[in-house]
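Q: one predicted model, sequence on top.
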Amino acid sequence: MLPTQGPNRTGIIGAPLRRTEDRRLTTGKGQYTSDFFPQALCHAVLVRSPHAHAKIRSIDASQAMALPGVLAVLTGADAAADGLKPIPHNPDWVGPPDVTLRLPPEFEVFTTENAALPLDTARYVGEAVALVVAETAAVAADAAELVDIDYEPLAAVIAPRAAMAPDAPRLWPECHGNLALTCEVGDKEATDRAFDAAAYIVKLDSWVHRVTGSPMEPRAAIGEYDAATDHYTLRAGSGRGVVQTRERLALVLGVPNEQCRVVFGDMGGNFGTRNAFSPEYALMPWATRRVGRPVKWVADRRECFLSDYQARDL
């Protein structure tokens, strides 16, 4: 709807425009990740840790593999053997539309060792520790329950401040004080002046409880692999965009960017839960190369509450 009078009557800058996508979406013509069914598609279910911190002593997949229709049970050992790299979580502090973050002097962000499938240690409840691929999602779910994992529970801390105590157990030995990231936001000098000039100063402790967004569409990913060209394709959805997702997919798989393709279609909500690179984004393309067929994973609500990145106490 363009203005009929005024200096901008022939332009669109500042003019109200009718939305064009609503009819397609409200009449069921949207194209979401789970709406795609590549030829010879198979399905994945992830076995997730029930422990906040535990050693993985062994994984016995023999009963799961004996179930008809199961194609593979993949573990951290398989991922390590194939050279999968840790998931990059480097924060992006480039400014608008996000705030600009500043690191304290001599502080380095700890972003290493976060494997898509851990080799020997689970570090949070809901972390994927094995990947089952089967002919159907139902068979994959049944097989996932048959994967026998021997855990050795380790000490865990559930409060962030307690985790920074000198005697707190470390999730990663190399991460001092369990402090992976600390930063400053805003103008420190202006803030100090405002407090110095304030008539009253109120101090309080505050924290964000364990919450998460709940998009209408849960996280999902489809991996495809072309053996003739050694090219990977990921179909998913993320607020971070295809360019950065492609770069991070290539980094985890250990291949050049040119060997990866990322396709995003419609996305049924975000709320920040999809703005980072999820393990499943690398696991599905990797799994499809392993089994030689496209692999689809669609989270259920339980998985979303357990593993969406913003479902944690802060």
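A: On my side now, so go ahead.

Q: what lines up beside the helix or strand bottoming out on mean pLDDT in the chain in the sheet?
A: Across the helices and strands of the chain, the lowest-confidence element by mean pLDDT, DSSP states H and E is strand 101-102, at a mean of 79. Applying DSSP bridges to the sheet, strand 101-102 is found paired with strand 184-185 (antiparallel).

Q: assign Lys296 to one of the three secondary structure states.
A: strand (DSSP: H, G, I helix; E, B strand; the rest coil).

Q: same deal with Ile59?
A: Under three-state DSSP, the three-state class of Ile59 is strand.

Q: tell me the pLDDT of it.
A: Per-residue confidence at Ile59 stands at 98 (pLDDT).

Q: quick one, what contacts it?
A: By C-beta atoms under 8 Å, 6 or more residues apart in numbering, the residues touching Ile59 are Thr75, Ala77, Val129, Ala130, Val147, Asp148, Ile149, Asp150. For glycine as for every other residue, the C-beta is placed from the backbone atoms N, C-alpha and C.

Q: please tell me how far the first one sits from Val185.
A: According to C-beta to C-beta, to the nearest Å, Thr75 stands 40 Å off from Val185.

Q: swap in the fifth one?
A: Look at Val147 and Val185: by C-beta to C-beta, they are 43 Å apart.

Q: on that earlier part again, with neighbour numbers in mind, choose between Thr75 and Val185.
A: Set Thr75 next to Val185 and count neighbours by other C-beta atoms under 10 Å: Thr75 wins out with 21 against 10.

Q: which phi and psi does the more buried one have?
A: phi -130, psi 180 (degrees, to the nearest 10).

Q: cool, the one 5 residues further on as well?
A: The phi and psi torsions at Ala80 (degrees, to the nearest 10) take the values phi -70, psi -40.

Q: kindly report the same for Leu71.
A: phi -100, psi -30.

Q: for it, which residues are in contact?
A: Leu71 is in contact with Cys42, Val133, Ala134, Glu135, Val291, Arg293, counting by C-beta under 8 Å, 6+ apart.

Q: in this structure the fifth one contacts Val70, no?
A: No. Under the contact definition of C-beta atoms under 8 Å, Val291 does not touch Val70, with a separation of 10.5 Å.

Q: what's the overlap in contacts for those two?
A: Val133.

Q: the more surrounded of the two?
A: Val70 (22 against 18).

Q: residue contacts, that one?
A: Val70 touches Ala64, Val132, Val133, Ala134, Glu135, Val139, Ala140, Ala143, counting by C-beta under 8 Å, 6+ apart.
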